[in-house]
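Trainee: I would like the atomic coordinates for the input below:
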Amino acid sequence: MFLSIQNPLRVWSTELTDLAEIEAIRQQVIEGGHDGIVDEYGNYVVFRPTQIKSATGNNGEFDSNNRDIRFSRSAPGNNASWDAPEPSRLDTILHALQDKNIDLKRVTEAIKATGKQIADNINAYLQEELFHGRSATRVKEFIDTELDPLIKIMRINGVKLADFEEYLWARHAEERNKQIAKINPDPDMQDGGSGMDTQDARDYLASLDPDKKKLYEALAKRVDAINARSRQVLVDYGLESQKTIDTWESAYKHYVPLMREDMDHAFGNGTGQGFSVKGNAAKRATGSKRPVVDILANIAQQREKNIIRGEKNRVATALVGLAKENPNPDFWKVDVPPTIRDVNKSTGLVEERTDPTYKSRDDVIVARIPDSKGNIQERSVVFQDDPRAKRMALSLKNLDQDDVGVVLNASSIVTRYFASINTQYNPIFGIVNLTRDVQGAALNLSSTPLAGKQKIVLSRTGPALLAIYQSMRGVRKGNAVNNKWSQLWEEFQKEGGKTGFRDMYKNAQDRAEALEKGLNPDWWQTTRIGKVITAGGLLNAPEKVLADKAVKPLFEWLSDYNDSMENAVRLAAYKTGLEQGLSKQQAASLAKNLTVNFNKRGAAGRQIGALYAFFNASVQGTARLAETMKGPAGKKIITGGILLGGMQAMLLAMSGMGDDEEPPEFVKSRSLILPIGDGKYLSVPMPLGFNVLPNIGRITTEFAMSGFKDPAKRTIQLMDSILDAFNPVGNAGMSLQTISPTAIDPLAALAENKDWTGKPISREDFNSMNPTPGFTRAKDTASVFSKLLAEGINKISGGTKYQPGMFSPTPDQIDYLIAQATGGVGREYLKAEQMVTSAFTGEDLPPHKTVLLGRFYGDTRGQSSQGNEFYDNLKRINGHEAEIKGRMKNREDVAEYKRENPEWELIGAANAAEKRVQELRKRKRDLVEKGAEKGQVRLIDDLITLTMKSLNEKVKKKTSATVP
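Mentor: Residues are numbered from 1 along each chain as shown. The predicted model follows:
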């Protein structure tokens with residue numbers, strides 16, 4: 001429904017409890033020029049029928065002449081009780097792994113099941129969903145528009161943090177000393193309660209150089225503005241009354257926080273215990289003679305704390321309103337303090353009395369709510385002994401998750417790094433993610449109020465993408481873009497629709513270190529790694545230019561580019577939701593949950609996420625897919641997906657790619673393959689999770705078209721596809737990589753000599769008794785840097801051209817580690833280097849080594865495609881040869897083994913092919929080293945490919961002739 005209320009009177013609900021006086025109050029309010037009432041829970045009361053309209057068929061404009069009034073509530077608001085849902089094993093699993101607030105979600109669903117509608121502002125589950133994005137957006141806005149400009153001016157003028165903080169301290173010292181002297185009778189506190197005596201402060205200010213003083217005064221005005229806004233934030237969020245703030249401001253003109261080191265480390269971050277917010281925003285100062293630390297960092301932390309605490313209070317206030325509007329004495333009570341049994345010292349009798357510390361109990365959530373006069377009252381929800389209620393309270397207070405220990409904390413740093421370089425700072429991730437999001441959104445919209453609006457949403461994705469990108473780049477460059485789409489993007493963020501992550505600082509000291517880095521961009525040169533990179537400072541200038549002009553702008557652009565891709569579909573859905581009558585918060589929630597909501601996680605998610613980078617993304621994706629499958633279009637999606645897979649199998653067969661090793665199974669399982677002729681194809685990434693459906697259709701169709709041969713292989717393919725989609729710790733087949741934490745995945749991959757797709761990382765020695773130096777086993781696509789480094793390492797460790805040293809890695813192993821350590825940027829750089837090298841030498845370059853485009857294009861006839869199959873065949877046939885020789889040596893039965901493994905007949909052909917390829921590779925290396933013409937090198941490459949293909953064809957022929 002739509003309400004039109006132009007001039008409401010805001011009241012405290014307790015003022016409207018006398019029903020006999022309601023009519024008199026209404027008349028009095030109307031005479032005062034008000035057309036409605038709003039209480040602290042966001043309940044709206046209007047006085048005329050024409051002020052309320054149905055949202056059905058409404059275009060968003062309120063028309064008082066429209067008499068069509070329909071009521072969406074199935075029952076009058078009689079505060080009817082609701083039944084608490086019974087605990088279930090499924091919810092226990094979901095609470096641990098997917099949604100720690102699943103109990104709040106179930107309670108919300110149970111209340112709605114009674115026919116009652118829940119207003120957005122008391123929908124605590126909705127408010128919690130949006131909390132992360134709202135708080136992150138507001139903190140970022142503070143940093144971008146207030147803190148960073150201050151730091152920038154300080155950096156330009158060469159102002160040191162410690163010097164400016166001393167000025168701020170001295171400027172505030174005298175007024176703080178006077179206030180401390182008033183409230184603290186201690187003789188030592190009659191002067192210097194700020195940590196600086198009044199005369200010392202005056203002397204410091206008087207001795208300042210005039211130019212420096214003028215600069216400091218200008219900077220201090222910015223600090224005063226930041227502090228003033230921080231205080232206003234407390235009023236805006238209802239955390240403190242205007243009267244309290246006025247009292248603070250009358251006491252101090254130049255206030256800055258004067259924290260001591262032990263004070264900072266002794267307490268938490270002051271944002272509340274979970275979503276329970278109690279107590280004043282500030283503690284009254286009593287004075288101290290100890291030195292003050294981290295003034296500017298504490299100023300920043302105060303604002304950030306106020307924002308986060310205020311946003312948490314919105315959730316807590318919503319919970320109070322939800323519990324008050326929907327009473328259930330067995331589940332929760334509002335403002336009914338719990339009691340404790342105690343012995344009365346006077347009477348000696350046991351009696352019950354209010355628990356004086358009840359607001360700190362695990363089962364109590366507190367919210368700070370202003371009354372009609374602007375005074376702040378603390379209201380509480382007390383959860384009862386219901387098992388779900390108890391768990392819900394613990395979740396809301398963040399008491400249901402263990403702290404991350406030292407080891408897991410160290411692991412989480414590495415894990416987050418790997419996640420960032422492979423997503424946010426990966427140039428190929430954005431376009432792949434957008435391709436998947438567009439398809440996934442089209443399917444997921446079927447389970448939302450925007451079902452049937454897919455075409456509209458998708459048509460707006462392009463304009464939304466452009467608008468987000470322009471806005472983010474504009475903010476980055478200080479040139480804000482202002483148009484309808486950019487305004488909508490800003491609104492979307494402030495409503496909480498964007499996934500929100502904030503920099504977390506343990507204390508003000510950490511925050512101060514971050515500010516120091518902002519003031520000194522060259523801080524990294526003083527670290528151990530920085531000293532190595534700059535050769536102890538000798539390369540200071542060129543490294544600085546490289547960092548400032550290339551590296552930093554590149555990573556900033558990648559962040560903006562990927563953020564644009566990530567939020568394009570969401571913003572398009574948000575706009576469409578608003579047009580369909582959804583409130584801003586409902587539209588933001590719909591958009592946020594349209595694909596993967598990364599802010600949602602289970603109680604154990606923090607610990608598991610410290611080990612596995614994409615655990616939560618996988619779990620949330622699976623949960624979203626399940627929601628869509630349960631929706632009205634679920635059966636159609638399943639049927640359509642399987643049919644698509646069947647059509648894919650037939651198309652591949654018609655193109656000669658039916659049952660070959662190329663395209664690789666990992667490509668076919670994740671992408672839709674579009675043959676374009678001559679063995680080449682395009683690959684379109686499919687939405688993860690949903691790709692299982694086409695895989696079922698494709699694999700079963702391929703199985704049928706093969707005459708139902710090799711059922712074990714098809715079963716493994718199908719199971720691997722399912723695990724790849726739904727295994728939250730990742731899937732690399734039956735390998736150590738599947739269970740290895742993200743931080744050691746690269747080491748596990750090297751130990752197994754295969755990447756996550758199953759491709760060999762490097763060429764192995766076929767005879768472990770006759771090892772060769774690693775650099776001699778380089779693939780053609782290895783980088784020049786890695787080839788030189790591998791040869792150097794081999795030589796340093798005692799190796800030669802013919803014998804390996806103690807440590808002799810292959811160039812491909814080095815390239816793999818570089819790519820893992822540098823993520824998407826590093827991989828694309830190596831591809832670029834390989835493209836340039838192959839262009840000069842004429843060497844074969846496989847499509848997957850092409851910068852950016854390699855993700856969407858493939859060739860089944862190239863040397864790389866044939867090579868993977870060739871070396872797999874060689875390894876298998878060499879195994880047959882070793883088995884037969886061993887049996888013959890020990891005079892065991894050979895005939896039976898030969899009957900069961902007819903590939904043994906190709907031992908001679910395989911050995912000849914292996915020798916031929918080795919000779920051709922040696923000849924090609926010589927040609928490349930001598931700078932031979934490209935045509936000569938390409939000819940050798942063609943001969944290598946032909947030799948490989950010949951053996952591969954023989955193996956296929958032998959295998960197909962013997963499979964029943």
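
Trainee: from here on, contacts and neighbour counts on C-alpha atoms
Mentor: Fine.

Trainee: for K922, grab phi and psi.
Mentor: Backbone torsions for K922, taken as degrees, to the nearest 10, come to phi -60, psi -40.

Trainee: ok, and the closest non-adjacent residue to G842?
Mentor: Closest residue in space to G842, ignoring its immediate chain neighbours: K934 at 4.3 Å, by C-alpha to C-alpha, 6 or more residues apart in numbering.

Trainee: please apply the same query to Y816.
Mentor: Excluding the flanking residues, the one nearest Y816 by C-alpha to C-alpha, 6+ apart is I761, at 7.2 Å.

Trainee: need the per-residue pLDDT for the residue nearest to G842.
Mentor: pLDDT, K934: 84.

Trainee: please report the distance of it from L168.
Mentor: Using C-alpha to C-alpha, to the nearest Å, one gets 69 Å for the distance from K934 to L168.

Trainee: between those two, who's got more neighbours?
Mentor: Set K934 next to L168 and count neighbours by other C-alpha atoms under 10 Å: L168 wins out with 23 against 16.

Trainee: wait, the residue nearest to G842 sits on D844?
Mentor: No - with contact defined as C-alpha atoms under 8 Å, K934 does not count as touching D844 (10.4 Å).

Trainee: so where do the helices sit in the stretch 251-400 of the chain?
Mentor: With DSSP state H, counting those that start in this stretch as the criterion, the stretch 251-400 of the chain has helices at 261-266, 295-325, 387-396.

Trainee: buried deepest among those helices, which one?
Mentor: Here the criterion is mean neighbour count by mean count of other C-alpha atoms under 10 Å, and of the helices of the stretch 251-400 of the chain the winner is helix 295-325, at a mean of 24.

Trainee: for it, the averaged confidence score.
Mentor: Average pLDDT, helix 295-325: 95.

Trainee: show me what that helix is packed against.
Mentor: Applying 3 or more C-alpha pairs under 8 Å, 6 or more residues apart in numbering; DSSP states H and E, one finds that helix 295-325 contacts helix 124-142, helix 161-183, helix 210-236, strand 332-334, strand 364-370, strand 376-383, helix 508-519.

Trainee: can you dump the C-alpha coordinates of stretch 482-494 into CSV?
Mentor: Extracted as CSV, the C-alpha positions of stretch 482-494 are listed here (Å, rounded to 0.1, in the frame of the first residue of the first chain):
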residue,chain,number,x,y,z
ASN,A,482,25.7,13.5,-11.7
ASN,A,483,22.9,11.9,-13.8
LYS,A,484,19.8,9.7,-13.0
TRP,A,485,21.7,6.5,-13.2
SER,A,486,24.6,7.7,-11.0
GLN,A,487,22.1,9.1,-8.5
LEU,A,488,20.4,5.7,-8.5
TRP,A,489,23.7,4.0,-7.9
GLU,A,490,24.4,6.2,-4.9
GLU,A,491,21.0,5.5,-3.5
PHE,A,492,21.4,1.8,-4.1
GLN,A,493,24.6,1.8,-2.1
LYS,A,494,23.2,3.8,0.7
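
Trainee: which residues touch the most centrally placed residue in the chain?
Mentor: Taking C-alpha atoms, centre = their mean, the centroid of the chain lies closest to F598, which sits 5.0 Å from it. Going by C-alpha atoms under 8 Å, 6 or more residues apart in numbering, F598 touches 499, 616-617, 620.

Trainee: in helices, which of those appear?
Mentor: Of the contacts of F598, the ones assigned to helices by DSSP state H are 616-617, 620.

Trainee: now the buried members of these.
Mentor: 616-617, 620 (16 or more other C-alpha atoms under 10 Å).

Trainee: just to revisit the earlier point, pick the one among the contacts of F598 closest to E903.
Mentor: A617 (44.1 Å; C-alpha to C-alpha).

Trainee: host element of the closest residue to the closest one other than its chain neighbours?
Mentor: Distances taken as C-alpha to C-alpha, 6+ apart place F598 nearest to A617, at 6.3 Å, with adjacent residues excluded. Under DSSP states H and E, no helix or strand contains F598.

Trainee: kindly report the same for V569.
Mentor: With DSSP H and E as criterion, V569 is part of helix 552-579.

Trainee: and the next helix or strand past that helix?
Mentor: Counting by DSSP H and E, what follows helix 552-579 is helix 584-592.

Trainee: tell me what that next one is packed against?
Mentor: Under the contact criterion of 3+ C-alpha pairs under 8 Å, 6+ apart, helix 584-592 touches helix 124-142, helix 552-579.

Trainee: got the domain ranges for the chain?
Mentor: 2-114, 131-312, 318-396, 406-500+552-630, 633-728, 863-962 (automatic domain parsing).

Trainee: still on that earlier bit, between the helices and strands packed on helix 295-325, which gets the lowest average pLDDT?
Mentor: Among the helices and strands packed on helix 295-325, helix 508-519 has the lowest mean pLDDT, at a mean of 74.

Trainee: list the buried residues in it.
Mentor: Buried residues in helix 508-519, counted by 16+ other C-alpha under 10 Å: 508-509, 511-512, 515-516, 518-519.

Trainee: do stretch 620-631 as well
Mentor: Judged by neighbour count (16+ other C-alpha under 10 Å), stretch 620-631 contains these buried residues: 620-625, 628-629, 631.

Trainee: ok, and what's touching it?
Mentor: Residues from elsewhere that reach stretch 620-631 (C-alpha under 8 Å, 6+ apart): 98, 443-444, 446-447, 593-598, 600-601, 634-635, 637-638, 688-690, 726.

Trainee: check stretch 915-922 too.
Mentor: Around stretch 915-922, the neighbours that count as contacts under C-alpha under 8 Å, 6+ apart are 940, 943-944, 947-948.

Trainee: closest one of those to N375?
Mentor: Proximity of the contacts of stretch 915-922 to N375 was ranked by C-alpha to C-alpha; the top entry is M948 with 82.7 Å.

Trainee: ramachandran angles for that closest one?
Mentor: When read as degrees, to the nearest 10, the backbone of M948 gives phi -60, psi -50.

Trainee: ok, and the closest non-adjacent residue to it?
Mentor: F870 (5.6 Å).

Trainee: about what we covered before: among the helices and strands packed on helix 295-325, which is the most enclosed?
Mentor: strand 364-370 comes out most buried of these by mean count of other C-alpha under 10 Å, with a mean of 26.

Trainee: just the CA trace of that strand, in CSV.
Mentor: Written as CSV, here are the backbone C-alpha positions of strand 364-370 (Å, rounded to 0.1, in the frame of the first residue of the first chain):
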residue,chain,number,x,y,z
VAL,A,364,19.0,-9.9,25.9
ILE,A,365,19.3,-7.5,22.9
VAL,A,366,19.2,-3.8,23.7
ALA,A,367,18.4,-0.9,21.4
ARG,A,368,18.7,2.9,22.0
ILE,A,369,15.5,4.6,20.8
PRO,A,370,14.5,8.3,21.1
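
Trainee: what separates that strand from the chain centre, distance-wise?
Mentor: Put simply, strand 364-370 sits 30 Å off its chain's centre (C-alpha atoms, centre = their mean, to the nearest Å).

Trainee: follow-up on the earlier one: between the helices of the stretch 251-400 of the chain, which one is nearest to L208?
Mentor: Of all the helices of the stretch 251-400 of the chain, helix 295-325 comes closest under C-alpha to C-alpha, at 19.5 Å.

Trainee: re earlier: what would the helices and strands packed on helix 295-325 look like in TSV with distance to L750?
Mentor: Listed next are the helices and strands packed on helix 295-325 as TSV, based on distance: least, C-alpha to C-alpha, whole Å:
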stretch	distance to L750
helix 124-142	38
helix 161-183	46
helix 210-236	52
strand 332-334	55
strand 364-370	50
strand 376-383	53
helix 508-519	36
